[in-house]
Each structure stands twice: as structure tokens, then as C-alpha cells.
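> Please find the sequence and the predicted model below.
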Amino acid sequence: MERELLRVLRAVKDKTGIEVQAISDSGVYYASTMSNFIPVKQEDFSSNQDVFCDSEYTYFKFSFGGSKFLGLIFGTSEHEKNYANLIIGYIEMSQTKNTHLSYDEEISLIITGNSTKSRTLHFMNKYSTPKAPCYVSYVKCPEGRAFEVQEFIRSYYPENGGVIALSQDSVACVKYIEKDEVLDLTSPSKQAETFKRSIFEELGINVIVYVGGAVKTFADVAVSFNQALATEKMSEIFGVGSGVLAYKDVMLAKILEDNSPNKIREYYSALLTGGEEELLSDEELMLTGDAFLANNLNVSETAREMYIHRNTLIYRIDKIERLTGLDIRKFSDALNFRILFILSKLKG
């Protein structure tokens, strides 16, 4: 059993980069991809929660081979809790891969990247999956409301390619892109805004939607799903807590995050000229800079949105330039301002 469980945990690590440790409640079985054993307390096994945290780790309960296990991963944020739920689902699915699965079980495996290529192609042929680009919207909702959200989307948006509740608080939704939508790069976000608003109006549930990038066919849908997860992670780093956020909106941050910590610090240092620390600690200036970029460097629109006088906005923009040497009215300096902000968050 240990060998089979270790194979599953290694597959989790290969797909997500997450190190996992698991030990049975009897202490007889143990498997881990971590270099060191992390001691667990006996009372952790008796917790009435399936996913919970201490000061350093996220713990999760699951069954494997007829035994109960306690797994753990590094970190305690909502992102790690979500991954814990996905790992539970993957471990459960791994034990039924060779049996007949329902439509929902099959599509869940495909979306999360836990299906084989041959099985995915068989599914696409069996259900006549459209040969069109598609993307995944990853919907986060209050604990225990995921199945309501799933059924609502299925009822009101039957053209979707698949709607699956992945956990008690998350739903994945596949949407195919019509030919006239391909040229409109904002259409996935618009679709997400529409069903976010509809879910609130009909169910009274406020959800957050993370939109992955478009892929050529349903066979690659797991790529879009992972991009949606990456978007959620970036939103946590940068404090985006509501609404709709698309992968294309955080792609610059993701590209920078993929660098090593040393590289991130190197890039950050290269942008420092003396006044950046004062700027980054000035919430008013940072909000002004972000709003100016969000409004395409348009002074009038930014002043109107922020309810401030045009001259006040210009004064703040000039102050940013005095502190950093960056005139964010110029595209190249505006881009460097954005990179500086992202690096300041990533360097820790």
C-alpha cells in the first residue's frame, strides 16, 4: 500500500509542485515526497474537520486502501486549503481510475489533469465534444454552497462544456468559444461577469471567478484550469478579493513569480533609485498609480473615478516621478512602475 500511495503523492508533486506527507491513523503506513519527516500529533487525527491548519502546515484527511490517513502540505493560506481539497479528490479518483466512471467523474479528472490522454480522447469521442477553443472559469463560493452554484450554472448556461463541483466551496466551469468570440479577448471575462451577477441575483451567493486562458481543444482544458488556479494564487498575493479576475490580467505577475527568489530580488534592486520604499509605503500614491494604469494612463478618467481634482492627480503623479524617476504618463515608465509593485510583493 505504501508504494502505491507514494506513487500517487509523487503524481501530485509532478502536477502541482507541492510536497505532500501522509501517515495512517494507526501509524503503520507512511508515504512522503518531503525530504524530512514532519511529526504529527495524535489529536490531529481526531479533528472534526477534513481540512485544517496549525501555524505552519495545512492538514487533510483521506482514505486509501481501506485505511484512514492524515496528509499535510506546507503553508496555511486559502490557496493551500484549496490544494488540500483538490489532493483529496485526486487521491480518491486515483483509486477508481480503472473502473467505470460517471460523466461528472470523468470530466473532473480531465479538468484537473488527472486523466490519461487516451481516456480523454475516448471521452471526447463518446460525448461528441465540440472541436473548438475553450477555457475554464474557477468559481469560489461560500463553504457548502458549491453544489447550488453548480446546478444553477448547468440550468441557466446549458451551452457550457461541463460544470463540476470540485469541493464544498469551488466549481469548475468549461466554456467553448464561438467563432465570433475568438477576436474579442475580453469575452471570457464578460461571460464570467454575467454568471457571477446572475448567481447573486438568483441565489444570493457572492462568488469570485478566476478565468483561465483559452486552449485550442478540450483535450488541453487542464492547462486552462491550472491557469485559473494560478490566477487565484496571484489574487491572494496582491489582495484582489472580489469580482472576476482573468489569467491574462495577472500574466505579468505570474511570469515574474516563476523566477527564483534571487532573480526576483535582483530585478527589484535594479529598479531602485532611492525613493521607492517611501512610494511603496504610501497607500494613497500606490492606489493613484494603479488607478492611472487601469484607466490606460488617462488623467481625466482616473480623476473622475477617484473623485479627485485633475490637479490633485497630476500632483500625485509628479510626486511618484520625484520619488522614483518614473513618469508613469509614459508607457515604458508605467510598465516599470507595475513591475516594481509586483516585485515588492513577491520578494517577501
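Nice, thanks for sending it over. In this text, all values refer to a predicted model and were calculated from it rather than measured experimentally.

> Next up, phi/psi of Gln168, please.
phi -70, psi -20 (degrees, to the nearest 10).

> contacting residues for it?
With contact taken as CB atoms under 8 Å, 6 or more residues apart in numbering, Gln168 is in contact with Asn85, Glu143, Gly144, Ala146. (Glycine included, C-beta is placed from N, CA and C.)

> In this structure the third one contacts Ser167, no?
No - with contact taken as CB atoms under 8 Å, Gly144 and Ser167 are classed as non-touching, separated by 10.1 Å.

> Those two: which has the busier surroundings?
Taking neighbours as other CB atoms under 10 Å, Gly144 and Ser167 compare with Ser167 leading, 18 against 9.

> Just the element for the closest residue to the more buried one other than its chain neighbours, please.
Sequence neighbours aside, Asn85 is the residue nearest to Ser167 in space, at 3.9 Å (criterion: CB to CB, 6 or more residues apart in numbering). Assigned by DSSP states H and E, Asn85 falls within helix 78-94.

> buried set for that helix?
79-91, 93-94 (16 or more other CB atoms under 10 Å).

> That one packs against which elements?
helix 2-16, strand 51-53, strand 57-64, strand 67-74, helix 103-111, strand 162-167, helix 221-238 (3 or more CB pairs under 8 Å, 6 or more residues apart in numbering; DSSP states H and E).

> That one versus strand 67-74: what angle between them?
150 degrees (axes from the mean of the first three to the mean of the last three CA atoms, to 10 degrees).

> Pull helix 78-94 out as PDB, backbone CA atoms only.
What follows is helix 78-94, C-alpha atoms only, in PDB (Å, rounded to 0.1, in the frame of the first residue of the first chain):
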ATOM      1  CA  GLU A  78      -6.600  29.700   1.500                       C
ATOM      2  CA  HIS A  79      -4.600  28.600  -1.500                       C
ATOM      3  CA  GLU A  80      -3.100  25.700   0.400                       C
ATOM      4  CA  LYS A  81      -6.500  24.700   1.800                       C
ATOM      5  CA  ASN A  82      -7.900  24.600  -1.700                       C
ATOM      6  CA  TYR A  83      -5.000  22.500  -2.900                       C
ATOM      7  CA  ALA A  84      -5.600  20.100   0.000                       C
ATOM      8  CA  ASN A  85      -9.200  19.600  -1.100                       C
ATOM      9  CA  LEU A  86      -8.000  19.000  -4.700                       C
ATOM     10  CA  ILE A  87      -5.400  16.500  -3.500                       C
ATOM     11  CA  ILE A  88      -8.200  14.700  -1.500                       C
ATOM     12  CA  GLY A  89     -10.200  14.500  -4.700                       C
ATOM     13  CA  TYR A  90      -7.300  13.300  -6.800                       C
ATOM     14  CA  ILE A  91      -6.400  10.500  -4.300                       C
ATOM     15  CA  GLU A  92     -10.000   9.400  -4.300                       C
ATOM     16  CA  MET A  93     -10.200   9.400  -8.100                       C
ATOM     17  CA  SER A  94      -6.800   7.600  -8.400                       C
END
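
> per-residue pLDDT, the nearest residue to Glu202 once chain neighbours are set aside?
Sequence neighbours aside, Phe152 is the residue nearest to Glu202 in space, at 6.4 Å (criterion: CB to CB, 6+ apart). Listed pLDDT for Phe152 reads 92.

> Quick check, Phe152 in contact with Gly204.
No - using CB under 8 Å as the test, Phe152 is too far from Gly204 to be in contact (11.2 Å).
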